[in-house]
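Undergrad: Below are the sequence and a predicted model for it; my questions follow.
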Amino acid sequence: MQTTTAPGPVLPRGKIKTFGVFGPKYEVGEPVRQLDDGDWLVRITLVETGEQSEYRYSKLQNDPEAL
């Protein structure tokens with residue numbers, strides 16, 4: 001039995017965004033995995049610290065690009 005996964009979302013890789021209007025900046029990375037609810041986790045890197053984390057694609061879509 002072969003398991004197939006949906007292709008990952010199209011991401012603005014390398015774009016710098018902020019958490020909400022006044023939040024810290026982060027760089028968008030690669031899709032990590034699809035969640036049970038259909039959303040995706042995306043690898044992000046916090047600009048100020050270099051720390052990497054995972055962030056929901058649905059939330060990333062609503063965050064503004066950093067100025």
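TA: Received the coordinates, thanks.

Undergrad: contacting residues around residue 44?
TA: Applying CB atoms under 8 Å, 6 or more residues apart in numbering to residue 44 gives the contacts 26-29, 52-55, 60. Where you see a C-beta, it was placed from the backbone N, CA and C, and this is true even at glycine.

Undergrad: top of these by neighbour count?
TA: The most neighbours of any of these, using other CB atoms under 10 Å, belong to residue 26, which has 25 neighbours.

Undergrad: quick one, phi/psi of it?
TA: For residue 26, the backbone dihedrals are phi -140, psi 150 (criterion: degrees, to the nearest 10).

Undergrad: same question, residue 59
TA: Main-chain dihedrals, residue 59, degrees, to the nearest 10: phi -80, psi -40.

Undergrad: tell me how far the ends of stretch 38-49 are from each other?
TA: Taking CA to CA, to the nearest Å, the first and last residues of stretch 38-49 lie 30 Å apart.

Undergrad: Could I get the buried residue list for it?
TA: 40-44 (16 or more other CB atoms under 10 Å).

Undergrad: Turn those residues into a markdown table, columns for secondary structure.
TA: Below are those laid out as a markdown table (DSSP: H, G, I helix; E, B strand; the rest coil):
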| residue | secondary structure |
| --- | --- |
| 40 | strand |
| 41 | strand |
| 42 | strand |
| 43 | strand |
| 44 | strand |
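
Undergrad: Among the residues you listed, which one lies nearest to residue 64?
TA: Proximity of the buried residues of stretch 38-49 to residue 64 (CB to CB) peaks at residue 44, which lies at 14.5 Å.

Undergrad: Retrieve the pLDDT associated with that closest one.
TA: pLDDT, residue 44: 98.

Undergrad: ditto for the one 3 residues further on
TA: Looking at residue 47, its pLDDT stands at 97.

Undergrad: what's the closest non-adjacent residue to it?
TA: Spatially, and ignoring its direct neighbours in sequence, residue 47 is nearest to residue 25 (4.0 Å; CB to CB, 6 or more residues apart in numbering).

Undergrad: mind listing what that neighbour touches?
TA: Contacts for residue 25 were tallied using CB under 8 Å, 6+ apart; they are 16-18, 46-48, 66.

Undergrad: Alright, I will stop here.
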